[in-house]
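**Student:** build me a model:
(3 chains)
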Amino acid sequence: MPELPEVETVMRGLSGVLAGRRIVRAEVHREGMRFPFPPGLGARLEGRRVLGFRRRGKYMLMRLDDGESVLIHLGMSGRMVARPIGAPPAPRLGPQGRASDARGHNQPPGLHEHLVMETENGIRVGFVDPRRFGCVDLVPTAEEDRHRLLRGLGPEPLEDSFTPEVLSDALAGKRTPIKAALLDQKVVAGLGNIYACEALFRAGISPRRSAHTVPGERAARLVPAIKAVLTESIGAGGSSLRDYVRADGEIGAFQERFAVYDREGQRCERCPGPPDCDGIRRIVQSGRSTFFCPRTQR
DNA sequence: CTCGACTCCTGCTGGC
DNA sequence: TGCCAGCAGGAGTCGA
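**Tutor:** Below you'll find the predicted structure:
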């Protein structure tokens, strides 16, 4: 799933394909995903022109010319796939992707392609999400931030308003481990399991440390670490683990630069190695894997 | 209120 | 080679 850098990358790719274009056809292939689709979603998209995009945390908002916005969350396994109408699915979509000989309308949906939009210039955009943890909703553009899913979100980590003081206030009094606190979208919007681990590593803070001990000097290290890891990942086009693909089908490269995530047992880049350090450790916190260096993260 | 456990769903990987 | 348990990027809900 896509965390903030992946959502940002997908949104930019989608913007290049859809911004300024009219949706001439849209169809849904199931009732919904995490939540039911809004009634008549397909019909309400047809004929609309896409004005532009915005991201809020891990949510994308696609603004339409009728004053409504399409709210999209990719969940764990969601991706957006764009290709010319009639073209076969990209190879990475898997062996089940049918090489259809259909042209134009009524091309069968790809596997798990729950929502399809076609533009007047012949591009077909599909929302593919095998696990269906993602969601799609419609919200009046003027009320985007009052949507129930956006209302409670914390600050945008890449905005200047996200400061050590702001983070410190959010962490004050929290007894939960800092790693869990960073995954709480009310504390900061957009961090997920990978970048929470990576940011804590960069800041030299143990994921097990109680959140209320982070405000102050540690928060002053953590905020720049969060901004840096997110910015670098966006610059690399996001990361790609297993089934995640960018809107244009290219694969992000940031996973090659993970310092700790999915590196259990490997040598930490800041440590001399054995016997001083046993390498990167994996522990489970609130049911999720955490990777960290016990020697440099305190 | 705050926290951890559980839940939704499918697909891939690794160990036997 | 084949099978199956375990694990996966999220996040809302429930009960302690």
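**Student:** show me the shaky parts of the stretch 1-150 of chain A.
**Tutor:** Regions of the stretch 1-150 of chain A meeting the criterion pLDDT under 70 cover residues A:1, A:90-106.
**Student:** if you set the cut-off to 50 instead, what comes out?
**Tutor:** For the stretch 1-150 of chain A, residues meeting the criterion pLDDT under 50 lie at A:92-104.
**Student:** how about the secondary structure of A:D262?
**Tutor:** Following DSSP: H, G, I helix; E, B strand; the rest coil, we place A:D262 in the coil state.
**Student:** for the residue nearest to it when sequence neighbours are not counted, pull up the helix or strand it's in.
**Tutor:** Nearest non-adjacent residue to A:D262, counting by C-beta to C-beta, 6 or more residues apart in numbering: A:F291, 6.7 Å away. Backbone N, C-alpha and C define where each C-beta goes, glycine included. Using DSSP states H and E, A:F291 falls within strand A:288-292.
**Student:** paired strands for that strand, with orientation please.
**Tutor:** If you go by DSSP bridges, strand A:288-292 pairs up with strand A:281-285 (antiparallel).
**Student:** check contacts around the residue in chain A positioned nearest to DNA strand C.
**Tutor:** As assessed by C-beta to the nearest atom of the strand, DNA strand C sits closest to A:G192 within chain A, at 1.9 Å. Listed by C-beta atoms under 8 Å, 6 or more residues apart in numbering, the contact set of A:G192 reads A:M1, A:P2, A:E3, A:L4, A:K58, A:L183.
**Student:** ok, it to A:P5 distance?
**Tutor:** 10 Å (C-beta to C-beta, to the nearest Å).
**Student:** got the phi/psi numbers for the residue of the stretch 1-150 of chain A found nearest DNA strand B?
**Tutor:** The nearest approach of the stretch 1-150 of chain A to DNA strand B comes at A:R131, 3.2 Å away (C-beta to the nearest atom of the strand). Backbone torsions for A:R131, taken as degrees, to the nearest 10, come to phi -80, psi -10.
**Student:** what is the neighbour count of it?
**Tutor:** By other C-beta atoms under 10 Å, the residues close to A:R131 number 14.
**Student:** and A:P272, by the same measure?
**Tutor:** 10.
**Student:** what about it, distance to A:R49?
**Tutor:** Taken as C-beta to C-beta, the span from A:P272 to A:R49 is 59 Å.
**Student:** then A:E159?
**Tutor:** 28 Å.
**Student:** over to A:F254?
**Tutor:** 33 Å.
**Student:** repeat for A:V70
**Tutor:** For A:V70 relative to A:R49 (C-beta to C-beta), the value is 13 Å.
**Student:** neighbours of the residue lying closest to A:A142 once chain neighbours are set aside, how many?
**Tutor:** The spatially closest residue to A:A142, leaving aside those adjacent along the chain, is A:G67, at 7.1 Å (C-beta to C-beta, 6+ apart). By other C-beta under 10 Å, the residues close to A:G67 number 11.
**Student:** show me what contacts A:G67?
**Tutor:** The neighbourhood of A:G67, defined by C-beta under 8 Å, 6+ apart, consists of A:P140, A:T141, A:A142.
**Student:** are any of these buried, and if so which?
**Tutor:** Among the contacts of A:G67, the ones that count as buried by 16 or more other C-beta atoms under 10 Å are A:T141.
**Student:** which of the contacts of A:G67 are close to DNA strand B?
**Tutor:** With C-beta under 7 Å from any atom of the strand as the criterion, no member of those is in contact with DNA strand B.
**Student:** so of the contacts of A:G67, which ones are in strands?
**Tutor:** A:P140 (DSSP state E).
**Student:** closest to A:I205 out of the contacts of A:G67?
**Tutor:** A:T141 (38.8 Å; C-beta to C-beta).
**Student:** quick check: that closest one touching A:E68?
**Tutor:** Yes. Contact status for A:T141 versus A:E68: in contact at 6.3 Å, counting by C-beta atoms under 8 Å.
**Student:** which of the three states applies to A:S206?
**Tutor:** A:S206 is classified as coil under three-state DSSP.
**Student:** without its sequence neighbours, what residue ends up closest to it?
**Tutor:** Using C-beta to C-beta, 6+ apart, the closest residue to A:S206 is A:Q297 (4.5 Å).
**Student:** tally of neighbours for the one you found?
**Tutor:** 21.
**Student:** domains for chain A, by residue range?
**Tutor:** Annotated domains of chain A cover A:4-151, A:164-292 [automatic domain parsing].
**Student:** what is the end-to-end distance of the last one?
**Tutor:** Distance across domain A:164-292, first residue to last, is 22 Å (C-alpha to C-alpha, to the nearest Å).
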